[in-house]
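**Student:** okay, sequence plus prediction incoming.
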Amino acid sequence: MSRNKKKKKEKFNVLPKSTGLSLVVIILLMVEAFFVLLMSVLDILPAKYAIIVLAVLFLMDFLVFKLMKTPKRVTNKRLVGAIIGVAMLNILVIGCNYLFNTYDTFQKISEYKAQWEDYYVVADADSAYQKAEDIKGKTVYVVKAESKMYNEAKERLVTKADVEYSDVADAATLCEKLTDKNESSNTDVIFLSRTNFELYCENHENYEAGTRIIDTITVEVKTDDFADRINVTEDPFIMYITGNDQYGKLEGVSRSDVNMVMAVHPVNREILLVSIPRDSYVMLHSYGAYDKLTHAGIYGVDETVATVEDWLDIDINYYFRVNFSMLVRIVDAVGGVTVDVPKAFSSTYWDYSYKEGENHLKGKAALAFVRERKNLEGMDMERGKNQQRLLSALLKKVTQSEVILTKYTKILDSVEGYMQTNMSNKDISALVKMQINDMRGWNIKSISIDGGTGMQTTYSMGSTKLSTVIPYEDSVNEAKDAIHAVLYPAENDKAAEDAKQEIDEEAVELP
């Protein structure tokens, strides 16, 4: 009777008698539980693959327990069980690292990131002013503008140096006032944003050398979450891709060098890229005045998006904001991309040349490719097309199964800190899950908005005339129609069917 009880107790003894093996089993179960939790939270594996993973884990657990559960202390079975258990533990640790890095990257890309703008206190280089305290009680000239950020910066400068302000119409007039030798000595200090100061310096040689920045006020640029959230795997949506002309982490506001509307139909696996010239002359949403589209980025990404929405009569669901550093990093992470160049040209930025036909580009060569403008026949318009060519090649590369499997961690590392979006991490996970589920290819099409060049005054630079692109109305309407066709293909099919039926009816009526 006592032997039977002992046997029954042994049957319910879950862990091996060995303390070391018991510890391996406990750690294995804990890591496995964490792995399953991460897999559930991240939710990028389709159900069929998740079931397979869970089934394999269950079978391996059963095998390990079966091998370790022997009455003798040292047996070949226990040794094999221990080896399998340790191997599983290592694989699960690596898997947890992959899943956690993915989750962490998705969170960092989609979480709110503060953007900052610097405002400069600028004095004449020949003046005695060296720091903000030197201008205490003085009159500082500023732009007459209703920007919340600018007003906050002005309040901070008053607190710091107790200055008074005198308004000037625009940034260009403000900068001219500083170096105008006919002005009195009380007009040799101005206060303006870093982007406006840099913009003026670009268009006026030697201006920076004749001035001195004596203080900087940094203000947070608050961006509203304007995302119109939908089911990204079933409903068509529009994403705005904006690339600024800066290196390093995405923190400060800057001009938008790349401007592209991306219409996506996830069910049909169709993407339309609409390239917009950076110098397009458009009306700014918040200021009701015309400016170059690239300058809209000075006022934050939401201003750029709202301006394009007004102009193209569309609703943009999401945006992706990137910069030069991110492009170099992600192209290198996927092992380079191949683009088809219609006509050979050389870069004015670095020592790169591009032959007619296919060119395989690594990171820095890809950046030079999308930045080049001066050596292209179409100038800004052709640059936009080159940006489309590179983006199309990159999208095709990252959606290939072998790239997803072999370059996974490198891609994640390349975008962290160098890309921002208002798309939620759940939406990003859903798109990844959809792609893993069937690995279907995407039909990627590209069009560009064209226009004529001219010299125009702008809101950002006031009376100073700058080179702009006046978009052709026909080209803008063509872009609108193309976007609509991707988002609502059923309507276009019905219109085509109605047109065909009308033609057939007319043909029947002919004698």
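**Tutor:** Received, thanks. Numbering: from 1, shown residues only.
**Student:** tell me the mean pLDDT for the longest helix along the chain?
**Tutor:** Longest helix in the chain, counting residues (DSSP state H): helix 76-110. For helix 76-110, the mean pLDDT works out to 83.
**Student:** which parts of the following helix or strand past it are buried?
**Tutor:** Following helix 76-110 in sequence order, the next helix or strand is strand 115-124 (DSSP states H and E). Neighbour counts using 16 or more other C-beta atoms under 10 Å place 115, 117-124 of strand 115-124 among the buried residues. Every C-beta, even on glycine, is put in place using the N, C-alpha and C of the backbone.
**Student:** same question for stretch 341-361.
**Tutor:** Using 16+ other C-beta under 10 Å as the test for burial, stretch 341-361 gives 341, 345, 347, 352, 354, 359, 361.
**Student:** nearest to residue 50, of those?
**Tutor:** Nearest to residue 50 out of the buried residues of stretch 341-361 is residue 361 (C-beta to C-beta; 36.9 Å).
**Student:** and the strands in the stretch 151-300 of the chain?
**Tutor:** Secondary structure of the stretch 151-300 of the chain (DSSP state E, counting those that start in this stretch): strands located at 164-168, 189-193, 211-221, 237-244, 256-265, 270-275, 281-283, 290-292.
**Student:** tell me the angle the longest one makes with strand 189-193.
**Tutor:** Orientation of strand 211-221 against strand 189-193 (axes from the mean of the first three to the mean of the last three C-alpha atoms, to 10 degrees) gives an angle of 40 degrees.
**Student:** and if you look at the first one?
**Tutor:** With the same axes, to 10 degrees applied, the angle from strand 164-168 to strand 189-193 works out at 70 degrees.
**Student:** ok, strand 164-168: who's next to it in the sheet?
**Tutor:** If you go by DSSP bridges, strand 164-168 pairs up with strand 139-143 (parallel).
**Student:** repeat for the second one
**Tutor:** Partners of strand 189-193 in the sheet, by DSSP bridges, are strand 115-124 (antiparallel), strand 139-143 (parallel).
**Student:** check the fifth one too.
**Tutor:** Strand 256-265 pairs in its sheet with strand 237-244 (antiparallel), strand 270-275 (antiparallel), by DSSP bridges.
**Student:** any chance of JSON lines for those, columns mean pLDDT?
**Tutor:** Output for those, formatted as JSON lines (pLDDT from 0 to 100):
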{"stretch": "strand 237-244", "mean pLDDT": "87"}
{"stretch": "strand 270-275", "mean pLDDT": "91"}
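**Student:** and those: which comes nearest residue 325?
**Tutor:** Taking C-beta to C-beta, strand 237-244 is the member of these nearest to residue 325, at 10.3 Å.
**Student:** report the buried residues of the closest one.
**Tutor:** Neighbour count says strand 237-244 has 237-244 buried, by 16+ other C-beta under 10 Å.
**Student:** okay, among the buried residues of stretch 341-361, which ones form the most distant pair?
**Tutor:** Spatially, the most separated pair among those is 345 and 361, at 13.3 Å (C-beta to C-beta).
**Student:** shared neighbours of these two, anything?
**Tutor:** Counting by C-beta atoms under 8 Å, 6 or more residues apart in numbering, residue 345 and residue 361 have no common neighbour.
**Student:** before we move on, back to that, packing partners for the longest helix of the chain?
**Tutor:** With contacts taken as 3 or more C-beta pairs under 8 Å, 6 or more residues apart in numbering; DSSP states H and E, helix 76-110 sits against helix 19-42, helix 47-68, helix 408-415, strand 419-421, helix 425-438.
**Student:** and the longest one, what does it pack onto?
**Tutor:** So that's helix 19-42. When contacts are defined as 3+ C-beta pairs under 8 Å, 6+ apart, helix 19-42 sits against helix 47-68, helix 76-110.
**Student:** mean confidence score for the shortest one?
**Tutor:** Going back to what we said before, that points to helix 47-68. Averaged across helix 47-68, the pLDDT comes to 86.
**Student:** and stretch 216-232, by the same measure?
**Tutor:** For stretch 216-232, the per-residue pLDDT averages 75.
**Student:** now the end-to-end length of that stretch.
**Tutor:** Using C-alpha to C-alpha, to the nearest Å, one end of stretch 216-232 lies 42 Å from the other.
**Student:** A strand includes residue 447, no?
**Tutor:** Yes - assigned with DSSP: H, G, I helix; E, B strand; the rest coil, residue 447 falls within a strand.
**Student:** tally up the residues packed near it, please.
**Tutor:** Number of residues near residue 447 (other C-beta atoms under 10 Å) recorded here: 18.
**Student:** also the one 3 residues further on?
**Tutor:** The tally of other residues near residue 450 (other C-beta under 10 Å) stands at 18.
**Student:** measure it to residue 274 for me?
**Tutor:** As judged by C-beta to C-beta, to the nearest Å, residue 450 and residue 274 stand 12 Å apart.
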